[in-house]
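**Q** Return atomic coordinates for the entry below.
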Amino acid sequence: MKIRLGKYELDHPVALAPMEDVTDVGFRLVCKEFGADIVYTEFISSEGLIRSARKSTQKLLIDDKERPVGIQIFGGDPAVMADAAKLAEDVGPDFIDINAGCWVPKVAQRGAGAGLLKDLVQMRAIIHSVKSSVSIPVTLKTRLGWDSNSITIFEVAKICADEGLSALTIHARTRDQHHDGEANWDWIRRTKEISELPIVGNGDIRTAQDAFDMFEFTGCDGIMVARGAVANPWIFREIKALMRGLPSATPVGMEERIQTCLLHLRMEMKLKGEHRGMLEFRKYYHGYFHGIRNGSSLRSKLVTLATLPEIEEAMLEFAYRYAAESGLPESIKSE
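**A** Residues are numbered from 1 along each chain as shown. Okay, here's the model as predicted:
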């Protein structure tokens, strides 16, 4: 089943998950460059939006190059969610996504995010109010249930279909699992068998093979990559290659890591201003140099630097040293 988001019709898309403090517009553009078919903003508080809170409104920034892009909102009040959805629609996203899966206590215990899994009547009311308030497609991302004793994903899927949503994303864990334990893909498969909606699978996709296996095992219509993209934004390229039956992608070399990291950093600085962009970018160094020999020493140095030339010089010095230690002095290659 194809996923239709406005003018976009997507066959087995690979999406970048909405992640707080990660999926800002710069990171989304990087992942888009490597093959992400759908991207989402960080989740945005509906209460913050209607009050014009700076932190919330800043997350509304989108770029035409990342389409189709969805704005994800969360909250527990149907009227507030409807108003927030209208404000989000005004900036021109391709769809609105409702967060019904965030497990963080300050969200879930206030009846928002995964807290909606404890009150499906309220979840339906929120879905209905959001869907009725906007003219663009609406989707929902959720979990299997509050805990292992209250798996409600079948009921949630029916509500979403009844209310005319365009897709349902299932993170195959319960709220009380947080990110622990293994995702149970069997619930995605079972939901897909009974649902009238396109189903997007999420949970434990860390490699291209994981993505391929989820498609094969669950029959889902799309997949969503979360933490697997933080340490490896090239995963989308790798997934696409595997799905097309192409040879396995070669490991990402040091030169490409550095070039991509600097491209991303420059985008952040352009979007947010030099000082703020550089400070907020520090959280991404771990992902770009995760698993690289002596990568921790480079990361430790980079977070102390205050100018782009200093950062570029530090990366270049590391690359030369890395190549020499690898016995490849004339080129910068992966291990």
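
**Q** where are the low-confidence patches of the stretch 201-335 of the chain?
**A** Within the stretch 201-335 of the chain, the stretches with pLDDT under 70 are 248-249, 327-335.

**Q** So which residues of it form strands?
**A** Under the criterion DSSP state E, counting those that start in this stretch, the stretch 201-335 of the chain contains strands at 222-225.

**Q** all helices of it, in order?
**A** Counting by DSSP state H, counting those that start in this stretch, the stretch 201-335 of the chain has helices at residues 208-218, 227-230, 235-243, 254-272, 274-281, 285-288, 295-302, 308-325.

**Q** I'd like to know which of those lies nearest to residue 113.
**A** helix 227-230 (17.7 Å; Cβ to Cβ). C-betas here are computed from N, CA, C, even on glycine.

**Q** Just confirm residue 3 contacts residue 165, I think it does.
**A** No: here residue 3 lies out of contact with residue 165, judged by Cβ atoms under 8 Å, at a distance of 11.2 Å.

**Q** Settle this for me: residue 57 is touching residue 51, isn't it.
**A** No: Residue 57 lies out of contact with residue 51 (Cβ under 8 Å); the separation is 9.5 Å.

**Q** who has more neighbours, those two?
**A** A count of neighbours by other Cβ atoms under 10 Å puts residue 57 above the other of residue 57 and residue 51, at 15 against 12.

**Q** and the gap between that one and residue 44?
**A** According to Cβ to Cβ, to the nearest Å, residue 57 and residue 44 sit 9 Å apart.

**Q** Would you format the helices of the stretch 201-335 of the chain as a markdown table with mean neighbour count and distance to residue 123 included?
**A** Output for the helices of the stretch 201-335 of the chain, formatted as a markdown table (neighbours: other Cβ atoms under 10 Å; distance: least, Cβ to Cβ, whole Å):
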| stretch | mean neighbour count | distance to residue 123 |
| --- | --- | --- |
| helix 208-218 | 18 | 23 |
| helix 227-230 | 22 | 25 |
| helix 235-243 | 21 | 31 |
| helix 254-272 | 18 | 34 |
| helix 274-281 | 16 | 33 |
| helix 285-288 | 20 | 33 |
| helix 295-302 | 16 | 41 |
| helix 308-325 | 15 | 45 |
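
**Q** Thanks again, I'm all set now.
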